[in-house]
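K.L.:
I'd like to go over a predicted model; first the sequence, then the structure.
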Amino acid sequence: MSEMRIRAMRWRADLRHSARHPWARGGLRACALGAALLAASLAAWWPAQRGNAALETEIAAKRRTLSQTRQAQELVGAYAKAAKEVALLERKLEHAATQAQLVESFARLAARHGVKVVGETYDEGRSAAAQTGLSAELSVQGAYPALRDFLRELSALPTWSEVQEVRLETARESGLQKGRIRIMTYRPGPERRSS
């Protein structure tokens, strides 16, 4: 016999002899019981884990759907708001206010907010374009909150009037704000006014 075969036989004989010892038998039983418990817990855990993973996937899909629905609703809301604002802007651009009407509108708005218009100059832009502009420079005086409200309400006028520049300084003697406001008002061009 070869030496390797002899070693294998000795190893098996030692193993059989060790297996007869009471502690070795107790250890083998404990290992077998542990393996059985591990197999049972794995059999109970595996389906629960798969169910949990499926549930997490379903929750993630529902979250994505909810997020996409929310984004779509926000987009629809933004589109509706933009459509209203475009219609309002088109009406404002079609409004052919004369210089006298603008002077009256600015004076009424200033009086409503307690702003005094000290002086005003107007310069009409001559253009054959679809929109022409009337530049107004107002010298104003009033309390800062009144001036702020006056500027904010310019967008409520029936014309498209846009503030181009505001320069304010505090008057030392009265504590009021004095300043110059440059406003550009867009109106229909000559060919659109005649039609």
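P.N.:
All right, it came through fine.
K.L.:
so Arg187 versus Glu162, what's the distance?
P.N.:
12 Å (CB to CB, to the nearest Å). Where you see a C-beta, it was placed from the backbone N, CA and C, and this is true even at glycine.
K.L.:
shared neighbours, these two?
P.N.:
Contact criterion CB atoms under 8 Å, 6 or more residues apart in numbering; residues shared by Arg187 and Glu162: none found.
K.L.:
neighbour count: those two, which is higher?
P.N.:
Of the pair Arg187 and Glu162, Arg187 is the one with more neighbours under other CB atoms under 10 Å, namely 24 against 13.
K.L.:
list the contacts for that one?
P.N.:
Leu93, His95, Ala96, Ala97, Gln131, Thr132, Gly133, Leu134, Thr159, Arg193.
K.L.:
again, 10 Å this time
P.N.:
Residues in contact with Arg187, defined by CB atoms under 10 Å, 6 or more residues apart in numbering, are 92-99, 102, 124-125, 131-134, 159-160, 193.
K.L.:
same check, this time on Gln177
P.N.:
115, 140-148, 168-171.
K.L.:
of the residues you listed, closest to Ala35?
P.N.:
Arg148 (80.9 Å; CB to CB).
K.L.:
and the closest one, helix, strand or coil?
P.N.:
Classification of Arg148 by DSSP: H, G, I helix; E, B strand; the rest coil places it in helix.
K.L.:
isn't it right up against Val140?
P.N.:
No: assessed by CB atoms under 10 Å, Arg148 is found out of contact with Val140, at 11.6 Å.
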